[in-house]
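Trainee: Please find the sequence and the predicted model below.
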Amino acid sequence: MNIEKFESILHIGETIAVEFKRCGNGIESDVYESVCSFLNRFGGDIFMGVLDDGTVLGVPKNAAGDMIKNFIKVISNPVMFTPTIYLTPEIIKYNEKIIIHVHVPVSAEVHSYKKVVFDRVDDSDVKVTATAQLASMYIRKQNIFTEKRIFPYVSMEDLRLDLLPRIRKMATNNADGIHSWESMNDEELLRSAGLYGTDRTTGERGYNLAAVMLLGKDDVIMDVCPAYETDALVRKINVDRYDDREIVRTNLIDSYDRLIEFARKNLPDKFFLEGTERKNLRNIIIREMIGNILIHREFTSSYTAKFVIEKNQMYTENASRSAGDGMITPENMEPNPKNPVIASFFRIIGWSDKLGSGVRNLFKYSKYYSGQEPKFIEGDIFRTIVPLDEEYSFDISEQEPYILNEQMQLDQLDQLDQLDQLDQLDRLDRLDQLDRLDQSDQLDQSVHNEDIIEEKVLNLLRENPEIKTKEISDVMGLSTSQVKYNLKKLKESNRIKRQGSNRNGFWTIL
């Protein structure tokens, strides 16, 4: 290891993959506990001769050789380490001090030190004693897809075959034509989807865990995964308990529908144009979040999956078979399927896209929905956090200061009117174009009496001819789209006229 990298590590400090040890009087047990935890997690680096705060003390120069010999003797002793390992310590000379550096790679096996299994959590080494934690560790190490576990006594009678006609139709619609499932009988479809297979170790044949979770009857699911549930909560007003709640313990197909409906009921829809196409930001975001929590979770875990909506954020949590730890971004993302059979099923029916697209979609559209970027936190518990701001609006028809993606907005404007100069656009002309491009965007006018709304708008224009669309929206409690719709109608009926420019002009009542 070169000095520049070592100094960078000292500056950052201890992490899930870095541990400092003083070792002033030799190598103590906690060094080997860190070795064990690094082997069992994602690997890491140990620096002997460094304090917890990054201060370099060094180890005694005349003892460094013996320390290395003792270290190698312990890690190769089957009484101390099971299974044994081979590591090569390295001596680093830094400011006339001696540091012993050991790089510990991630292991394909679960290791114990003095018959105790250790795991790495943040910057600490912790003993693992719970059966569920040990099982999760073995699953992660052996790269087992638990969704493929065979249940030989599960039959077609245990599955919701009444869902298959809908699934065939969804697959056909998603394929923009004919899908092979359409001509298959029920058993053929289940086998084609990978829901029936053979355990090549035991020779058992039957329906697997993926089949039970996707299409199983509720009582069968509870027999196979008694701790399985998804807890959906709204905590905007009553943050100690909840404003709304739904506990979902059914198959993944019905779970998706119920969670999507729960989210739509408790989240605002917002106007957004991408080019000339109206995009439903809310639906895009909740589709990715809910799809992820259903597809990529570890169903054998007793951890309750959560979908929580708060005032300033919404988030999901689910047990995961993690391949790393920390923040995930589009730049460092390495797609890792947790349940490839279930993921493939969701893709075929159009509820999911290719692996990794969810992260990219949330980073793209969350900015337009709330003005902020989401967070993805990898670990044994996978967390997705999307900020919320009900006051925020990304509306290309208003020249407001909250432009997050200038190039995207300019592209949208260019597709609307093919003009290059933004300051030459007439706001009402842009409004007319937006209305022609997406009449469906107009909110349901039957909710309000149009005559009353028009009169209220006229009164506001009489009181303040220079009033802006946003100000009318705030006063009347209407969306900007509704205000624009009524202004357009009043203008077309020759009841009002715009004088001067859009920025500095005023309204005249005719």
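Mentor: Good, I have the coordinates.
Trainee: Now do the SS call for the residue nearest the centre of the chain.
Mentor: Against the mean C-alpha coordinate of the chain, by CA atoms, centre = their mean, the closest residue is residue 384 at 3.6 Å. What DSSP: H, G, I helix; E, B strand; the rest coil gives for residue 384 is strand.
Trainee: Surely it touches residue 308?
Mentor: No. With contact defined as CB atoms under 8 Å, residue 384 does not reach residue 308; the gap is 10.8 Å. Every C-beta, even on glycine, is put in place using the N, C-alpha and C of the backbone.
Trainee: what residues do those two have in common as contacts?
Mentor: 315-316 (CB atoms under 8 Å, 6 or more residues apart in numbering).
Trainee: Tell me who's in contact with the closest residue to the residue nearest to the centre of the chain other than its chain neighbours.
Mentor: By the measure of CB to CB, 6 or more residues apart in numbering, the closest residue to residue 384 outside its immediate chain neighbours is residue 316, 4.8 Å from it. By CB under 8 Å, 6+ apart, the residues touching residue 316 are 289-290, 292-293, 305-308, 383-384.
Trainee: Map the structural domains onto the sequence of the protein.
Mentor: Segmentation of the chain into domains, based on automatic domain parsing, reads 3-129, 146-224, 232-338+349-387, 406-509.
Trainee: Mean pLDDT and distance to residue 140 for those domains - can I get that in a markdown table?
Mentor: Converted to a markdown table, these look like this (pLDDT from 0 to 100; distance: least, CB to CB, whole Å):
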| stretch | mean pLDDT | distance to residue 140 |
| --- | --- | --- |
| domain 3-129 | 91 | 9 |
| domain 146-224 | 92 | 11 |
| domain 232-338+349-387 | 88 | 5 |
| domain 406-509 | 65 | 39 |
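Trainee: Can you say which of these is nearest to residue 393?
Mentor: domain 232-338+349-387 (6.3 Å; CB to CB).
Trainee: Straight-line length of the closest one, end to end?
Mentor: 17 Å (CA to CA, to the nearest Å).
Trainee: Please renumber the chain so that the first residue is 187 from this point on.
Mentor: Understood, numbering begins at 187; the last thing we discussed is domain 418-524+535-573.
Trainee: before we move on, the earlier item: backbone dihedrals for the residue nearest to residue 570, both of them.
Mentor: Note on residue 502: its backbone torsions stand at phi -120, psi 150 [degrees, to the nearest 10].
Trainee: Counting neighbours, which bits of whichever strand or helix holds residue 197 end up buried?
Mentor: Here residue 197 is covered by helix 189-198, with elements defined by DSSP states H and E. Under the neighbour-count criterion of 16 or more other CB atoms under 10 Å, helix 189-198 has 192, 195-196 buried.
Trainee: could you check the distance from the nearest residue to residue 341 once chain neighbours are set aside over to residue 373?
Mentor: For residue 341, ignoring the flanking residues on the chain, the nearest one in space by CB to CB, 6+ apart is residue 393 at 7.5 Å. Separation of residue 393 from residue 373 (CB to CB, to the nearest Å): 10 Å.
Trainee: do residue 525 as well
Mentor: Taking CB to CB as the measure, residue 525 falls 22 Å from residue 373.
Trainee: Looking only at neighbour counts, state which of the two leads.
Mentor: Neighbours were tallied for residue 525 and for residue 373 using other CB atoms under 10 Å; the higher tally belongs to residue 525 (25 against 11).
Trainee: Give me the nearest residue to the more buried one, chain neighbours excluded.
Mentor: Here the residue nearest residue 525, using CB to CB, 6+ apart, is residue 333, at 4.4 Å.
Trainee: now residue 691
Mentor: Residue 691 sits nearest to residue 685 (CB to CB, 6+ apart), 5.4 Å away.
Trainee: quick one: the one you found and residue 693 touch, right?
Mentor: Yes. Using CB under 8 Å, residue 685 is in contact with residue 693, at 7.4 Å.
Trainee: which one of the two has more residues nearby?
Mentor: Taking neighbours as other CB under 10 Å, residue 685 and residue 693 compare with residue 693 leading, 22 against 9.
Trainee: what residues are up against that one?
Mentor: Here residue 693 is in contact with 647, 651-653, 682-685 (CB under 8 Å, 6+ apart).
Trainee: swap in residue 247?
Mentor: residue 284.
Trainee: for residue 203, what are its contacts?
Mentor: Residue 203 neighbours (CB under 8 Å, 6+ apart): 224, 228-231, 306.
Trainee: Which of these ranks first by neighbour count?
Mentor: Highest count within these by other CB under 10 Å belongs to residue 224, 29 neighbours.
Trainee: residues of the helix or strand harbouring that one that come out buried?
Mentor: Here residue 224, judged by DSSP H and E, is contained in helix 215-226. For helix 215-226, the neighbour count (16+ other CB under 10 Å) marks 217-226 as buried.
Trainee: Would you format the residues you listed as CSV with distance to residue 275 included?
Mentor: Below are those laid out as CSV (distance: CB to CB, whole Å):
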residue, distance to residue 275
217, 11
218, 13
219, 17
220, 13
221, 11
222, 16
223, 18
224, 14
225, 15
226, 20
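Trainee: From the residues you listed, pick the one nearest residue 313.
Mentor: Of these, the one sitting nearest to residue 313 (CB to CB) turns out to be residue 219, at 8.6 Å.
Trainee: From what I see, that closest one and residue 311 are in contact.
Mentor: Yes. If you go by CB under 8 Å, residue 219 and residue 311 touch, sitting 4.6 Å apart.
Trainee: Now for the two: what residues contact both?
Mentor: Contacts common to residue 219 and residue 311, judged by CB under 8 Å, 6+ apart, are residue 304.
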